[in-house]
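Asker: Please find the sequence and the predicted model below.
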Amino acid sequence: MSEQRLPPLPAEAWGDEEYAAFGTLLGISGDKVPRAGSGDAYDPARFDIIGLLVRHPKMARAFLNFNGFLLQRGELPARLRELTILRVAQTRRSAYEWGQHVRMAARNDISEDDIARLARGTDEFEGADRLVLDATDELLAEGHARWETWQALTKTLGERPAMEFIFIVGVYVLSAMAFETWRLPPAAGTAPLPSP
């Protein structure tokens, strides 16, 4: 990947709107967000993705509220959510998202063996794992799920988790497009994107 084209907002440029946007993701008010450059674990300057998004704080706030719901308050099981995100990152060649979500994998019932299997494709998965991985591929290839796929998703996951699944694919396709356009590099020490 070439040099990053759009840098994160520098710490000295953060104001009330930017802190409020990040607070939306954290579930706290902007005045409770650690200040940029403070070195706190939730110092916004530690998160390049947040620094990029808050260059447009009103959009960031809306996006982070929705993305925060999908990641933290949704009904789709965390393992299936993370496998879906990893498959989108792998297929859309998003090194940043792959690295971030491999890092999150262990906290979400995904083993190193699961990551290695996913790097090889979807054939080694079964059950609900295979269903969401194949449905992700279908959505990416066709722009929609076939009706029989939708029925399988709702039967296996339930209607609301199946709805969330569709939106997770869409949100992470959107993220991959943005981050690749802006050339957001993977965070230091994260897993490299597997070869296609």
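Answerer: Good, I have the coordinates. Residues are numbered from 1 along each chain as shown.

Asker: For residue 118, see how far away residue 136 is.
Answerer: According to CB to CB, to the nearest Å, residue 136 and residue 118 sit 11 Å apart. (Each C-beta comes from the backbone N, C-alpha and C, glycine too.)

Asker: Who has more neighbours out of these two?
Answerer: Here residue 136 and residue 118 are compared on neighbour count by other CB atoms under 10 Å; more neighbours surround residue 136, at 26 against 22.

Asker: What segments of the chain are helices?
Answerer: 16-26, 48-53, 57-68, 78-91, 95-105, 112-120, 127-142, 147-157, 159-182 (DSSP state H).

Asker: Show me the domain layout of this structure.
Answerer: Residue ranges for the domains of the chain, per the TED database: 11-72, 75-182.

Asker: Run the chain-centre distance for the shortest one.
Answerer: How far domain 11-72 lies from its chain's middle: 15 Å, per CA atoms, centre = their mean, to the nearest Å.

Asker: just checking, residue 124 touches residue 115?
Answerer: No. The pair residue 124 and residue 115 fails to qualify as a contact (CB atoms under 8 Å) at a distance of 11.6 Å.

Asker: higher neighbour count, the two?
Answerer: For residue 124 versus residue 115, neighbours defined as other CB under 10 Å are more numerous around residue 115 (18 against 13).

Asker: Now do the contacts for that one.
Answerer: By CB atoms under 8 Å, 6 or more residues apart in numbering, the contact set of residue 115 is 86, 102, 105, 191.

Asker: got the contact list for stretch 51-61?
Answerer: With CB under 8 Å, 6+ apart, stretch 51-61 has contacts from 6-9, 14, 17-18, 20-22, 24, 44-45, 50, 63-64, 178-179, 182, 184.

Asker: Selecting buried members of these in ChimeraX, what would you type?
Answerer: Of the contacts of stretch 51-61, the buried ones go into a single ChimeraX selection, burial set by 16 or more other CB atoms under 10 Å:
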select :8,9,14,18,20,21,22,24,44,45,50,63,64,178,179,182,184
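
Asker: Residue 188 - how many residues pack around it?
Answerer: Residue 188 has 6 nearby residues by other CB under 10 Å.

Asker: if we can go back for a sec, nearest to residue 131, of the contacts of residue 115?
Answerer: residue 86 (15.1 Å; CB to CB).

Asker: how close does the closest residue to that closest one other than its chain neighbours get to residue 90?
Answerer: Nearest residue to residue 86, sequence neighbours excluded (CB to CB, 6 or more residues apart in numbering): residue 101, at 5.2 Å. Distance from residue 101 to residue 90, counting by CB to CB: 10 Å.
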